[in-house]
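In: Structure, please.
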Amino acid sequence: LSGISLESTEGTVTLGPSRWDPTACPSTLKRTVAYVDQSDLTLTPILTVEETVRFARSCAEELDPEVLEESMEAIFKLAGLDHVRQTVVGNADIRGVSGGQKRRVKMLEMAVGTDVTVLFLDEITNGLDAASAFRICKVVKAATITQNF
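Out: Sure, this is the predicted structure:
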């Protein structure tokens, strides 16, 4: 919000019990904060939903294959994407999952595999119908309860 203010904004950021200094530990915040923008342009349209999330997960951490499979099952169930795991994400030229499903894939892509405690969602329900927007809110609520945010 300070970006739209004409006045200077000052303050401190605390991360857990301590004050966060971005010059001293810039990588700490990257591991605990995820930002999900409203565009679907960063999703690769030819990958399936599962391939997209699996790739994001493998970039974030290395897991035992059994643990990875169990956690992937839980992630897809939580997001309500278990029935479209093998469907391509798609774009304007390639038919794929719906807009609401793309937003949930995007959320998973940014949040899985890290110790995310803060998730910034930039107009995540913008342009979606009421049912899709409600589903996203349910996913966020379930994730907060499951992850103890």
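
In: Name the residues that touch the longest helix seen in the chain?
Out: Counting by DSSP state H, the longest helix found in the chain is helix 130-147. For helix 130-147, the external contacting residues (CB atoms under 8 Å, 6 or more residues apart in numbering) are 78-80, 98-100, 103-104, 107, 111, 116-117, 119, 121, 124-125, 128, 149. Where C-beta positions appear, they are placed from N, C-alpha and C, glycine not excepted.

In: One more: stretch 66-73?
Out: 50, 53-54, 57, 63, 82.

In: which residues in this protein form helices?
Out: Under DSSP H, the chain gives helices at 26-32, 49-60, 65-79, 99-111, 130-147.

In: Which of the contacts of helix 130-147 are buried, as a ChimeraX select command?
Out: ChimeraX command restricting the contacts of helix 130-147 to the buried ones, with burial defined by 16 or more other CB atoms under 10 Å:
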select :78,79,80,100,103,104,107,111,116,119,121,124,125,128
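
In: and the gap between Leu108 and Thr12?
Out: 32 Å (CB to CB, to the nearest Å).

In: And these two? Which one has more around it.
Out: Per other CB atoms under 10 Å, whichever of Leu108 and Thr12 has more neighbours is Leu108, with 24 against 7.

In: got the contact list for that one?
Out: The neighbours of Leu108, taking CB under 8 Å, 6+ apart as the test, are 53, 56, 75, 79, 81.

In: change it to 7 Å
Out: Going by CB atoms under 7 Å, 6 or more residues apart in numbering, Leu108 touches 53, 75, 79.

In: Grab the nearest non-local neighbour of Thr87.
Out: Sequence neighbours aside, Val97 is the residue nearest to Thr87 in space, at 5.3 Å (criterion: CB to CB, 6 or more residues apart in numbering).

In: Next, count neighbours for that neighbour.
Out: Neighbours of Val97 using other CB under 10 Å come to 20.

In: Over to Thr44?
Out: As a burial measure, Thr44 scores 13 neighbours (other CB under 10 Å).

In: separation between it and Arg54?
Out: 12 Å.

In: With Ala131 instead?
Out: Ala131 is 27 Å from Arg54, by CB to CB.
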